[in-house]
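**Student:** Attaching a predicted model along with its sequence, questions to come.
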Amino acid sequence: MNIKQILSVAMLSLTTCAAFAQEPVVVTGVLKKQAAKPVKVFKVEEGRALEIASIKASAKGNFGFKFYPEYEGFYVIGTGDPGSPNENYKFYFKGGEQLSLSILDSTYVLNGKLNSKENMVLTQWHDLVKPIAYKSNNFLSTFVDFFPQLEEIAAKTKGFLTGKATGNPKFDKAMKQNMAWDMAGYATNFLFTPRSAHPTVEEYTPYYATLKATDFAKNTSSLYAQPWGARTLNSLIQTNMQQGGVKRSTGVESVTNRLNYIPNDTLKGDFILNVATSYKTFAEFKELMDKYGKYVVTKSQKKKSMDIMAPLALLKEGDAAYNFSFPDKNGQTVTMAGLKGKVVLVDVWATWCGPCKAEIPHLKKLEEEMKGRDVSVVSISVDEAPDKDKWLKMVNGENLGGLQLFASGWGDLAQYYKIKGIPRFMVFDKQGKIVTVDAPRPSDPKLKTLLEKTLLKD
C-alpha cells in the first residue's frame, strides 16, 4: 500500500500554527497491537505532553496524520496517556518530514527509507534503552535485574552519539540533553513504582550518584523541551531526598524541602503550581501561595494559578478576598492588601455598560455620605486595553471619585468572583474578608445599611 492509499484509509489533518512550518509533517503507520487503541499525537509544552490529535486505525491497522508543527523539537506519537512514556514514543519534527512506523505491543519500528536522520537517531536510541525503558514503565521486574542493565546501558550511552551527527546542530544538541533526561527518567521512575522488592539507598548503583536534580533544574528550556520533564524532575528530587536522608514531611514544609533542589525560580513556580493541583481547600492553596506565590510570575503560571484557585474559592462570608493588583488613573498600582483597615466597596463596571453608568450618580452620593469614615470605594473597569483612553476620558470628564482602577478586560478578578455580568458590587471588611460578593447596588438603600453595619465590626 502506498502513502496516498494509506492516507485515504485513515488520515487526520491538523492545521494548527502553520505560520511556523511552511511544510507539513506526514506520518503514516500500522498499528499492530493486540488491543486496538486510538493513536495520538502529543506536542510538548512546558515539560508536559499535551494531546493535539487522536485517530482510530482502520480495520487493517492503518493510520495517518498530516500537520504543521508549531515548533522545531520533540513530539510524541503513541497509544498511551500524556502523563507517562509508557506506550508513547518520541520523535523530532521541524516541518517537511515523512515518518513511517509500525506500533507494536511494547515498542515501534520504522518502515521504509524516507524517515529523517533525526528520527533514525532517535530510533537507534530507543532501541538501545528499550530494555530499561520497558522495565521502568512496567512493574514486573525488581532492582536485582534492573540495576545491572541500567549500569550497562549507562556505560554505552557515553559513546552513543559518536558518528551520528545529523547535519542539524539544533537536534544534535537537543539529543544530548534528551539522552540525559531519558536515562534519569527511567532510573528514578523505577524507584517509585510498585515492585515486589525495593532497594535500600545503600543498594543504589553508581549511576544514581550522578543524578542531581539541581543539574536538571538549572534552566527552563531543557526541561520544557521534554514531554515528561516535570515528572522526571519530581522523581529526581525524591531520589536526592532519599539519598540525603531528608525525612518525609507534609504541607508547606514538604514543599520547602523539595524547593531546595530547584535553583531556577521559574521552575520553582511550576513546581508550586503542580503541588497546588492536588489541594482540596482554598485554605491550603492560600497558605502555599502566601509563602511561595512570589515564584508564580509568568503569564502561563498566573493563568494556571487562577485556574486552580477559582474552583476552590467558595466566596462565602469570612473568606479571604482576592488580592487584586491594578493601576489607577495615574498609573500607580493599587492592591486589595493595601486597603486593609478600611471597609472596601468594589464596583466592577465598564464604560460601555448602560446599567453601570446609571449607578454612577447614586455611587457618588453614597461616597459623599460615607466621607470621613473608614470606607474605600474602588471602581474597577473591565474595559479592554485598547479602550483605556476612553476610560480615562470618562473618569476625568465625569469627575468620578474613589479609586478608579483599570483591569484591562475580563481577567483574573472576574474569573475568581465568577462575574458573568456587570455592574457587580462587592463588600469586604477591614480585615480583607468577604462580606458579600453580590451586594445591593448604590441605588438601593440596603447597600448603605450594609456598609454601616460592616463598619461596626472590629
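**Tutor:** Happy to help now that I have it. Residues are numbered from 1 along each chain as shown.

**Student:** distance between the ends of stretch 94-104?
**Tutor:** Using CA to CA, to the nearest Å, the end-to-end distance of stretch 94-104 comes out at 25 Å.

**Student:** ok, and for it, which residues are buried?
**Tutor:** K94, G95, E97, L99, S100, L101, I103 (16 or more other CB atoms under 10 Å). To be clear about C-beta, it is placed using only N, CA and C from the backbone, and glycine gets the same treatment.

**Student:** would CSV of those residues with pLDDT be doable?
**Tutor:** Listed next are the buried residues of stretch 94-104 as CSV, based on pLDDT from 0 to 100:
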residue, pLDDT
K94, 95
G95, 94
E97, 95
L99, 97
S100, 97
L101, 97
I103, 97
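
**Student:** from what I can see G73 touches V44, true?
**Tutor:** Yes: the criterion here is CB atoms under 8 Å, and G73 meets it with V44 at 6.5 Å.

**Student:** Looking at the two, which is more packed in?
**Tutor:** More crowded of G73 and V44, by other CB atoms under 10 Å: V44, with 21 against 18.

**Student:** who's that one bridged to?
**Tutor:** Per DSSP bridges, the residues bridged to V44 are A49.

**Student:** Need phi/psi at the most centrally placed residue in the chain.
**Tutor:** Residue closest to the mean C-alpha point of the chain, counted by CA atoms, centre = their mean, is K304 at 6.0 Å. Main-chain dihedrals, K304, degrees, to the nearest 10: phi -60, psi -40.

**Student:** Verify the stated contact: it with L273.
**Tutor:** Yes: shown here, K304 and L273 form a contact pair, counting by CB under 8 Å, at 5.0 Å.

**Student:** what's near enough to touch V348?
**Tutor:** I380, V382, L413, A414, Y417, I419, I422, P423, R424, F425, M426 (CB atoms under 8 Å, 6 or more residues apart in numbering).

**Student:** so how far is the helix or strand where it lies off the chain centroid?
**Tutor:** Using DSSP states H and E, V348 maps to strand 343-349. Relative to its chain's centre, strand 343-349 lies at 32 Å (CA atoms, centre = their mean, to the nearest Å).

**Student:** can you list contacts of whatever helix or strand comes next after that strand?
**Tutor:** Downstream of strand 343-349, the next assigned helix or strand under DSSP H and E is helix 354-358. Helix 354-358 has contacts (CB under 8 Å, 6+ apart) with D347, W349, A350, T351, I422, P423, S443.

**Student:** What is the neighbour count of the fifth one?
**Tutor:** I422 has 19 neighbours, counted by other CB under 10 Å.

**Student:** swap in the third one?
**Tutor:** Burial of A350, expressed as a neighbour count using other CB under 10 Å, amounts to 20.

**Student:** separation between it and Y292?
**Tutor:** 34 Å (CB to CB, to the nearest Å).

**Student:** Likewise for the second one?
**Tutor:** Distance, W349 to Y292, by CB to CB: 34 Å.

**Student:** Just want to know which of these two has more residues nearby.
**Tutor:** For the pair W349 and Y292, the greater number of neighbours falls to W349 (23 against 20), based on other CB under 10 Å.
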